[in-house]
Structure formats: structure tokens, C-alpha cells
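here is my input, please return the structure:
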Amino acid sequence: MKRRLILPLFFSLAFSAQAADPVAPVKEIMDEAVSGWSENPGEGEDYFSAARLGRIYSADFDKVYQAAAKFPAYDEGDSPFDYDVIVSGQDSCSINELSIAPGPETAGKTDVKVTFDNTHCFGERAPDWKPSELHFMVIEEGGRDVIDDIVRAGDAGSLKAELQAIASQGAQQQ
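Presented below is the predicted three-dimensional model:
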């Protein structure tokens, strides 16, 4: 009797462990960035479209984004950003040498490290040049792996913190 109960439990645990893929939502965003900055960009979908916010981002990230989106960067826009938060700028070369590597899960978060070169077309670079680096903090929510934050190397830091600052500043100016 015990064996009958343990065997299905074992298979369900093995299947659910296999189904988790913290790289999948990150790959979707990076595929969009690669496509959007290609030589022949097609019609893309915003990194933070309503469909994506509800599907590949955490509920908390969605809430923070919605609060910041009430204060668009441009009068005719609906984004709180005036730059591409993935390539960290308004200008970029096509994305080369893309690497996506999940780290170990720590405290319920998987740090998925992304590196890429998006400055190769700008000419000579400084001797200490390094590729762009992002860290997607992926959590499991509702049985799915979702992005809870994007941490940019250098001074840019947490995208979620930037969204919170936009919402706070916008609310103070009203």
C-alpha cells in the first residue's frame, strides 16, 4: 500500500522539478531585445505589455510597474521609461554574444545572469570594457517561474526600485 502512494508522489515531484525553468521568462525578454535591436526589427511586443506583465512577471512587479505607469515619461506615451531598460540606453547596436546562465536558487530566488555586447558598432572601446550585464531575479509564483526584478550592473541597479521611485516622485508632483 505504501509503495502505491509513494511511487505517484515520486513521479509528480520529479515532473514538477523538471517543469520549472527560470530561464524561460528571461529568454523571452532577451529574444525581444535581440529582435528589437536587430538590423531589421519587426513589430515587437513591449517588454512590459499587459499580456507579459500578467504572464512572466511576478504580481508584485506588475503592481509596482502599474503604479509607475501612471506617470509616463512622455505625454503621448504609456511607459514610465524614456529609455530601453534592457540595453540601458536609447541607442544600441545589435545584440551580440548573448549569454543566459541561471545561478543556484537562494532564498526562493534564482539569479539568471545575462551578458551581451551591444556597443560593438560604436567604434573603439576602453581597455577595461566589459559586456553589459543584467541579473533577472526569478521566483516561483502560482506554479510558474516569473521575473520579480531586473538588476542592472553599475549605478542603474534594481529596476523595481527605479519603478518605485518613479511612482513616488509622480505622486508627490500631483
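
hmm, Val112 and Ser99 touching each other?
No - taking C-beta atoms under 8 Å as the definition, Ser99 is not a contact partner of Val112, at 10.6 Å. All C-beta spots, glycine's among them, are computed from the backbone N, C-alpha and C.

quick one, which of these two is more surrounded?
When Ser99 is set against Val112 and neighbours are counted by other C-beta atoms under 10 Å, the residue ahead is Val112, at 24 against 12.

beta partners of that one?
Pro102, Phe136 (DSSP bridges).

residues contacting it?
Contact analysis of Val112 by C-beta atoms under 8 Å, 6 or more residues apart in numbering lists Pro22, Val23, Val26, Ile100, Ala101, Pro102, Gly103, His135, Phe136, Met137, Val138.

turn those into a markdown table, columns for distance to Asp75.
Listed next are these as a markdown table, based on distance: C-beta to C-beta, whole Å:
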| residue | distance to Asp75 |
| --- | --- |
| Pro22 | 37 |
| Val23 | 37 |
| Val26 | 32 |
| Ile100 | 36 |
| Ala101 | 40 |
| Pro102 | 40 |
| Gly103 | 41 |
| His135 | 33 |
| Phe136 | 31 |
| Met137 | 32 |
| Val138 | 34 |
